[in-house]
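K.L.:
Dropping a prediction and its sequence here:
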Amino acid sequence: MASRPTPHSQPGGLTASGPRPTLGPEAEAAVRSLLTLLGEDPGREGLLATPRRMAESLAHLTSGYRTNIGEIFAGAIFEETYDEMVLVRDIQFYSLCEHHLLPFFGAAHVAYIPDGRILGLSKLPRIVDAFSRRLQVQERLTTEIAAAIDQQLHPKGAAVVLEADHLCTMMRGVEKPGNRTITSSMTGTFRRDPRTRSELMGLIRGGR
């Protein structure tokens, strides 16, 4: 497997916590070449900072490659006798389609049924971010989130439902806006028990 690029720190892109991560000079040079191939002039005023900005943007949007999934769970799993469904609904996410590098985005609904242990609620959105900030297809993104919860928390069951809009089908190809793709991944009780799945879908739809 090819090694992943490591973000560099570079002047000119400061945040409150310091320089923004960037893919570095090679990425910026590639963006300049791409702009030239498009028939643009990378030296004109409006495009002068575009290579740096794009290198920073891509470093952020692919930061999931450099996230240790185990560290998200570390210190956030607690012994607890609660054994009913836990659902965090409408987690907003953004990802990049690996086929065209165009965004897809929407809402993730993540649930699990504890088996003596619960996870700090803020960690579920972090898990979604960690996997969505990679080059993805929605189907794999859905299963990766569910598998991580299943492997790290060992619940009675885990479930992930993603609803997303894909710019690669809205801006190019079939050019059909308004199509929403829904995917799901279920493990354990959610996969075996239709009543549990039905309860989950009812909670996801509830209040809409």
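P.N.:
The structure has been received and is ready for your questions. Numbers count the residues shown, from 1 in each chain.
K.L.:
need the helices for this protein, in chain order.
P.N.:
Taking DSSP state H to define them, one finds helices in the chain at 25-37, 50-61, 69-73, 123-132, 138-153, 167-170, 189-192, 194-205.
K.L.:
by how many degrees do the second one and helix 123-132 diverge?
P.N.:
This points to helix 50-61. For helix 50-61 against helix 123-132, the angle by axes from the mean of the first three to the mean of the last three C-alpha atoms, to 10 degrees is 130 degrees.
K.L.:
tell me the angle helix 50-61 makes with helix 25-37.
P.N.:
120 degrees.
K.L.:
helices and strands around helix 50-61, which ones?
P.N.:
strand 8-15, strand 18-22, helix 25-37 (3 or more C-beta pairs under 8 Å, 6 or more residues apart in numbering; DSSP states H and E). All C-beta atoms are positioned from the backbone trio N, CA, C, and that covers glycine.
K.L.:
Who are the contact partners of the residue nearest to Ala111 when sequence neighbours are not counted?
P.N.:
The shortest distance from Ala111 to any non-neighbouring residue, by C-beta to C-beta, 6 or more residues apart in numbering, is to Leu87 (4.1 Å). Applying C-beta atoms under 8 Å, 6 or more residues apart in numbering, we find Leu87 in contact with 109-111, 200, 203-204.
K.L.:
Just the buried ones from these?
P.N.:
Among the contacts of Leu87, those classed as buried by 16 or more other C-beta atoms under 10 Å are 109-111, 200, 204.
K.L.:
Kindly indicate which of those lies nearest Arg32.
P.N.:
Distance ranking of the buried ones among the contacts of Leu87 against Arg32, using C-beta to C-beta, places Val110 first at 40.1 Å.
K.L.:
Please tell me how far the closest one sits from Ile77.
P.N.:
Separation of Val110 from Ile77 (C-beta to C-beta, to the nearest Å): 15 Å.
K.L.:
isn't Leu61 right up against Leu96?
P.N.:
Yes - with contacts counted by C-beta atoms under 8 Å, Leu61 reaches Leu96, the gap being 5.9 Å.
K.L.:
Which one's more surrounded, these two?
P.N.:
Leu96 (21 against 17; other C-beta atoms under 10 Å).
K.L.:
which residues sit in contact with the more buried one?
P.N.:
By C-beta under 8 Å, 6+ apart, the neighbours of Leu96 are 61-62, 102-104, 134-136.
K.L.:
Need the pLDDT of the residue most central in space within the chain.
P.N.:
Note on the chain: the residue nearest the mean C-alpha position is Ser132, at 1.4 Å, using C-alpha atoms, centre = their mean. pLDDT for Ser132: 98.
K.L.:
Val88 against Arg126, yeah?
P.N.:
No - with contacts counted by C-beta under 8 Å, Val88 stays clear of Arg126, the gap being 10.9 Å.
K.L.:
what's the domain layout of the protein?
P.N.:
Annotated domains of the chain cover 8-61, 74-205 [automatic domain parsing].
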